[in-house]
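Undergrad: just coords:
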């Protein structure tokens, strides 16, 4: 998570939770005038379009006052979806036994992308089995992680 994403998470968690939702995570994708602030929310009963609209209005109000982003951007609020992004260690813990996709910031054995069964998540490390090989990845080195949907 970048410094900006951390700052935004700290700034937006309370307003999102005040509406009764969990702030799953934030992604800020820089692309000049087409930059995007993506906010993922969740709720035990699921997420509706109306929920996203309500949270979007709340976030917009906070962002207008605080003004933490100096470039133009589009705000997207959505549910995590089936390919749920994984931001925190607790997210990985809930996916042990499932297939995950992980991209690292710094390569491990000349490799940045791993897709396989998450065997364990402990002490800041992920143990992933990929093609009968086991890899231990530091969570702090994860650039992006997602749950891979299963249609069994």
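TA: Sure thing, it's come through. As the structure is a computational prediction, the values presented were derived from the model and not from experiment. Numbering: from 1, shown residues only.
Undergrad: use CA for all of it now, contacts and neighbours both
TA: OK.
Undergrad: Quick one: the strands in the protein, in order.
TA: 22-29, 35-42, 73-78, 99-108, 111-122, 125-130, 133-138, 142-147 (DSSP state E).
Undergrad: Mind putting those strands into TSV with mean neighbour count?
TA: Formatted as TSV, the entries for these read as follows, by neighbours: other CA atoms under 10 Å:
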stretch	mean neighbour count
strand 22-29	19
strand 35-42	20
strand 73-78	16
strand 99-108	17
strand 111-122	18
strand 125-130	20
strand 133-138	15
strand 142-147	20
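Undergrad: CSV for those, including distance to residue 57 and mean pLDDT?
TA: Listed next are the strands of the chain as CSV, based on distance: least, CA to CA, whole Å; pLDDT from 0 to 100:
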stretch, distance to residue 57, mean pLDDT
strand 22-29, 15, 94
strand 35-42, 12, 95
strand 73-78, 10, 95
strand 99-108, 32, 96
strand 111-122, 36, 97
strand 125-130, 36, 97
strand 133-138, 36, 96
strand 142-147, 27, 96
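Undergrad: Export the ones you listed as JSON lines, with columns for distance to residue 2.
TA: Putting the strands of the chain into JSON lines (distance: least, CA to CA, whole Å) gives the following:
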{"stretch": "strand 22-29", "distance to residue 2": "9"}
{"stretch": "strand 35-42", "distance to residue 2": "13"}
{"stretch": "strand 73-78", "distance to residue 2": "17"}
{"stretch": "strand 99-108", "distance to residue 2": "11"}
{"stretch": "strand 111-122", "distance to residue 2": "18"}
{"stretch": "strand 125-130", "distance to residue 2": "19"}
{"stretch": "strand 133-138", "distance to residue 2": "16"}
{"stretch": "strand 142-147", "distance to residue 2": "9"}
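Undergrad: Residue 149 is in contact with residue 80, isn't it?
TA: No - checked against CA atoms under 8 Å, the pair residue 149 and residue 80 is beyond contact range at 11.8 Å.
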